[in-house]
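[1] one predicted model, sequence on top.
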Amino acid sequence: MSFPEWQALARAEIAAAIKDAERSVYFEDCLINRVLIVGASTLVTIGFWGAAMSIDNSLEMTASLIIGVAGLVFFAIAFEWGARNISKRVAAKRRARSWDRVMAVDRRIKRMQKDIERRAKDIEEKLEKLTKITRGME
C-alpha cells in the first residue's frame with residue numbers, strides 16, 4: 001500500500017472515530033437533558049399543586065412557590081443546555097464542511113502540481129528536440 005493510500009485510509013478512520021465520539025456525546029447530552037426536563041416538570045407540578053393546596057397557609061405557600069421557582073430554574077438550565085448542544089452541532093458541521101473544502105483545495109493543488117510537472121516535462125522534451133535540430137543545422 002502506498003503512502004498516499006495509507007494517508008487516505010487514516011483520514012477516513014480518524015473522521016469515523018470523531019463522528020462516533022460526537023454521536024455518543026450527543027446521546028449522553030440528550031439523556032441528561034431529558035432528566036433535567038422531567039425533574040423540572042416534577043418540581044413545577046409539585047410547586048403548583050402545593051400552592052393550590054395551601055392557599056390559606058403562608059408558610060406552605062412560600063415553600064410551594066420556592067419549589068415552583070426551582071422547577072422553572074431547572075427548565076431554564078435544560079433550555080440553555082439544549083441550545084448549547086445545538087450550537088455545538090452546528091459548529092461541528094461547519095468544521096466538517098471547512099475540512100472538506102480544505103481537502104478539495106488540497107486535491108486541486110496536487111492535480112495542478114502534476115499538470116505543471118507534466119507540462120514542464122513536455123517543454124523540456126521539446127527544448128531538447130529543438131536543440132538537436134539547431135545543432136544539426138550548424
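    Structure received. Residues are numbered from 1 along each chain as shown.
[2] now the residue nearest the centre of the chain: which helix or strand?
    With distances taken as CA atoms, centre = their mean, the residue of the chain nearest its centroid is A92 (1.4 Å). Assessed by DSSP states H and E, A92 sits inside helix 58-137.
[3] gap between the residue nearest to the centre of the chain and K19?
    Distance, A92 to K19, using CB to CB, to the nearest Å: 9 Å. All C-beta atoms are positioned from the backbone trio N, CA, C, and that covers glycine.
[4] go on, L130?
    56 Å.
[5] tell me the mean pLDDT over the helix holding A92?
    Mean per-residue pLDDT for helix 58-137: 85.
[6] what's the distance between it and the middle of its chain?
    Offset of helix 58-137 from its chain centre (CA atoms, centre = their mean, to the nearest Å): 9 Å.
[7] what helices or strands is it leaning on?
    Helices and strands touching helix 58-137, by 3 or more CB pairs under 8 Å, 6 or more residues apart in numbering; DSSP states H and E, are helix 3-53.
[8] tell me the mean pLDDT for the helix it packs on?
    Mean pLDDT, helix 3-53: 79.
[9] could you report the neighbour count for L36?
    When neighbours are counted by other CB atoms under 10 Å, L36 registers 19.
[10] cool, I109 as well?
    Per other CB under 10 Å, the neighbour tally for I109 reads 10.
[11] against I32, how distant is it?
    Using CB to CB, I109 is found at 44 Å from I32.
[12] may I see the buried residues of stretch 68-87?
    For stretch 68-87, the buried set under the neighbour-count rule, 16 or more other CB atoms under 10 Å, comprises 68, 70-71, 74-75, 78, 85.
[13] for stretch 111-120, same thing?
    Within stretch 111-120, no residue is scored as buried using 16+ other CB under 10 Å.
[14] could you dump that stretch to PDB, C-alpha only?
    Provided in PDB are the C-alpha atoms of stretch 111-120 (Å, rounded to 0.1, in the frame of the first residue of the first chain):
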ATOM      1  CA  ARG A 111      -3.700  17.900  -9.600                       C
ATOM      2  CA  MET A 112      -2.300  21.300 -10.700                       C
ATOM      3  CA  GLN A 113       1.200  20.300  -9.500                       C
ATOM      4  CA  LYS A 114       1.000  17.100 -11.500                       C
ATOM      5  CA  ASP A 115      -0.200  19.000 -14.500                       C
ATOM      6  CA  ILE A 116       2.600  21.600 -14.200                       C
ATOM      7  CA  GLU A 117       5.200  18.800 -13.800                       C
ATOM      8  CA  ARG A 118       3.800  17.100 -17.000                       C
ATOM      9  CA  ARG A 119       3.900  20.400 -18.900                       C
ATOM     10  CA  ALA A 120       7.400  21.100 -17.700                       C
END
